[in-house]
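Q: Return a 3D structure for these sequence lines:
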Amino acid sequence: TRPAKDKDLDASQLRDGWRLKLKDLKPEQAKRLAPTMLEVEYMAFKNRSVFTERDIDRTVAQLAICHGGSTARTGIRSAIFEQLGVIPVADQAGLKRYTTEDFRRMEGDIASYGIACQKPAARFALADHTIQQAIRNVQARKGFALYPEQLAAVLHCVGGQQVAIVDGAAGTGKSISLEGIKEGYTLSGHRVLGVAPSGVATGALKDSANIEEASTLHSLLMKLEHKDPQYRETLTDTDVIIVDEAGMVDLRTLHKLFKHTSDAGAKLILAGDAKQLEAVGSASNLQMLIDQIGSAELVKIARQPDPTINDISQTWFAGPTGTDPRDALEKMEDLGLIKRPDQPGQEAIDVMMSHVQATHEEGVSWKDMVLLADRNKQVRSLNERVRDYRKGIGELDESQELTIRIAKRRQGPREIDLAPGDRVML
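A: Numbering: from 1, shown residues only. Now for the predicted structure:
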């Protein structure tokens, strides 16, 4: 306060006063707000569509903290079963599993709607000449032809069904397939909206699939449910919604999107990898939908232009084939793509630096190289060795070097040296 500032006190007097006040401080019982039912649901399911006794025990233990402790566990468990509407499902290898009435209902809604939407709707069935023109446009922009699998995915999704799925791993060409689908529906006068669970995936829809009207899925839902008509988004029965990374969309969010598209009569195209990461929220249903209505499947890795490297990527994805029993690591080793110490006393970092130096001397830029290590100590050692090498060849000027003090939460403070030309990752 101003009166306190006006007093002529030195630092030692201030500290003495603070110490006296600190003596009166006493610890109090922590206050913890009770979680909502949605939070409890997420704690139990942990991105799956079912949960086990162990999941329930873990959830009960977490909820008991600051809410009665171990003596309250029985009551908390009963409350979870009652308020979430927990029901048992078929045992798997003697393991008791559970879900909730809400989850079973939402899964049933999605499956039933997906099956019902396989009946062709004329407004979403594109003419052959429109499809061929769309494919020509995309191939002209990209500068290469679509693979047969990718063409089949486009044809599958531009039929009359109101729900369609493209299933494929990274690098199989989902983006170019989605661009072909978007191009066809745009040529036919349809509005195409792109959505994804994250901002990064949304950016990929814009850049890789050429879908200009792209947003996060939650952003679209917020607009659809906005109370003010001025800002509310409205779907029509000619709109086409493309969902990328659909395997990462949780059940509740997917159910909401299905409800909005069903009410409007719009078309929904889901693209993703059923084997990918679990949903961000509680449980993904992409595989369940694929089992019910099928999908256009992309298997051939199309990202690497070098056929040898492409074959290795394909083996990582699909495993060895009957004609070549080698796994991906064996193929990489046969091509000399895996380096290891081969002399007594030689360490992995020495092999790595030897390869890095030879690669750089061949003209490969530092921005095209990534050096990874398992531990922070190894990372620091790599950085120091690379900087010493760059100083030796004149890429870094030691006379212009500055010492910077940095601090990381887990590692504590330390000093690093930086010079013009250093690469810094933030």
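Q: Just to check, Ser188 is in contact with His129?
A: No. Ser188 lies out of contact with His129 (CB atoms under 8 Å); the separation is 10.7 Å. For every residue, glycine as well, the C-beta is placed using N, CA and C.
Q: Out of those two, name the residue with the larger neighbour count.
A: Regarding Ser188 and His129, a neighbour count based on other CB atoms under 10 Å identifies Ser188 as having more, with 18 against 9.
Q: roughly how far apart are the more buried one and Lys206?
A: Applying CB to CB, to the nearest Å, one obtains 21 Å for the distance of Ser188 from Lys206.
Q: Also Val351?
A: In terms of CB to CB, Val351 sits 41 Å off from Lys206.
Q: For the stretch 101-250 of the chain, which segments count as strands?
A: Secondary structure of the stretch 101-250 of the chain (DSSP state E, counting those that start in this stretch): strands at 163-168, 192-196, 214-216, 240-243.
Q: how about TSV for those strands, with mean neighbour count and mean pLDDT added?
A: Shown next, in TSV, are the strands of the stretch 101-250 of the chain (neighbours: other CB atoms under 10 Å; pLDDT from 0 to 100):
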stretch	mean neighbour count	mean pLDDT
strand 163-168	26	95
strand 192-196	25	96
strand 214-216	19	95
strand 240-243	26	97
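Q: Export the ones you listed as a markdown table, with columns for distance to Met288.
A: Output for the strands of the stretch 101-250 of the chain, formatted as a markdown table (distance: least, CB to CB, whole Å):
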| stretch | distance to Met288 |
| --- | --- |
| strand 163-168 | 11 |
| strand 192-196 | 20 |
| strand 214-216 | 23 |
| strand 240-243 | 15 |
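Q: The ones you listed: which one's closest to Leu178?
A: Proximity of those to Leu178 was assessed by CB to CB; the nearest stretch is strand 240-243, lying at 5.8 Å.
Q: Name the surrounding residues that touch the closest one.
A: Contacts with strand 240-243, where a contact means CB atoms under 8 Å, 6 or more residues apart in numbering, come from 124, 178, 181-182, 185, 190-196, 205, 209, 211, 217, 220, 235, 249, 257, 261, 266-272.
Q: Just checking: what are the partner strands of that strand?
A: When pairs are called by DSSP bridges, strand 240-243 turns out to pair with strand 192-196 (parallel), strand 267-272 (parallel).
Q: Which one of these lies nearest to Gln150?
A: Each of the strands paired with strand 240-243 was checked against Gln150 via CB to CB, and the shortest separation belongs to strand 267-272, namely 11.9 Å.
Q: after that closest one, next one along is what?
A: Next in sequence after strand 267-272, counting helices and strands by DSSP states H and E, comes helix 286-293.
Q: Am I right that Ile406 is in a helix?
A: No. The assignment for Ile406 is strand, going by DSSP: H, G, I helix; E, B strand; the rest coil, so no helix is present there.
Q: what about the spatially closest residue to Leu335 that is not a sequence neighbour, which SS state?
A: Ranked by CB to CB, 6 or more residues apart in numbering and with sequence neighbours excluded, the top spatial neighbour of Leu335 is Thr308, at 6.8 Å. Of the three states, Thr308 takes helix according to three-state DSSP.
Q: still on that earlier bit, out of the strands of the stretch 101-250 of the chain, nearest to Gly108?
A: Set against Gly108 and scored by CB to CB, the strands of the stretch 101-250 of the chain come closest in strand 163-168, at 15.1 Å.
Q: what's the closest one packed up against?
A: Packing contacts for strand 163-168, counted by 3 or more CB pairs under 8 Å, 6 or more residues apart in numbering; DSSP states H and E, involve helix 148-157, helix 174-187, strand 267-272, helix 286-293, strand 296-298.
Q: contacts for the longest one?
A: For helix 174-187, the surrounding residues in contact (CB under 8 Å, 6+ apart) are 126, 130-131, 133-135, 137-138, 142, 146, 150-151, 153-154, 157-158, 166, 168, 192, 194, 204-205, 208-211, 240, 242, 244, 269, 271-272, 296, 298.
Q: The fourth one now?
A: Where contact means CB under 8 Å, 6+ apart, the residues beyond helix 286-293 that reach it are 49, 107, 110-111, 114-115, 117-118, 161, 163, 165, 167, 246-247, 249, 270, 272, 274.
Q: Kindly recompute the last result at 7 Å.
A: Here helix 286-293 makes contact (CB atoms under 7 Å, 6 or more residues apart in numbering) with 107, 110-111, 114-115, 118, 163, 165, 167, 246-247, 270, 272, 274.
Q: Local confidence estimate at Asp239?
A: We note a pLDDT of 97 for Asp239 in this prediction.
Q: burial count for it?
A: Residues near Asp239, counting by other CB under 10 Å: 18.
Q: what's the answer for Gly75, then?
A: Gly75 has 13 neighbouring residues, counting by other CB under 10 Å.
Q: what separates Ile416 from Val424, distance-wise?
A: Using CB to CB, one obtains 9 Å as the distance from Ile416 to Val424.
Q: Same check on Leu289?
A: Taken as CB to CB, the spacing of Leu289 relative to Val424 amounts to 44 Å.
Q: So these two - more neighbours on which side?
A: Of the pair Leu289 and Val424, Leu289 is the one with more neighbours under other CB under 10 Å, namely 25 against 7.
Q: how much space between the more buried one and Arg232?
A: Taking CB to CB, one finds Leu289 at 28 Å from Arg232.
Q: Same check on Leu178?
A: If you measure Leu178 against Arg232 using CB to CB, the figure is 26 Å.
Q: between the two, who's got more neighbours?
A: Per other CB under 10 Å, whichever of Leu178 and Arg232 has more neighbours is Leu178, with 29 against 12.
Q: Excluding sequence neighbours, find me the nearest residue to the more buried one.
A: Spatially, and ignoring its direct neighbours in sequence, Leu178 is nearest to Ala209 (4.2 Å; CB to CB, 6+ apart).
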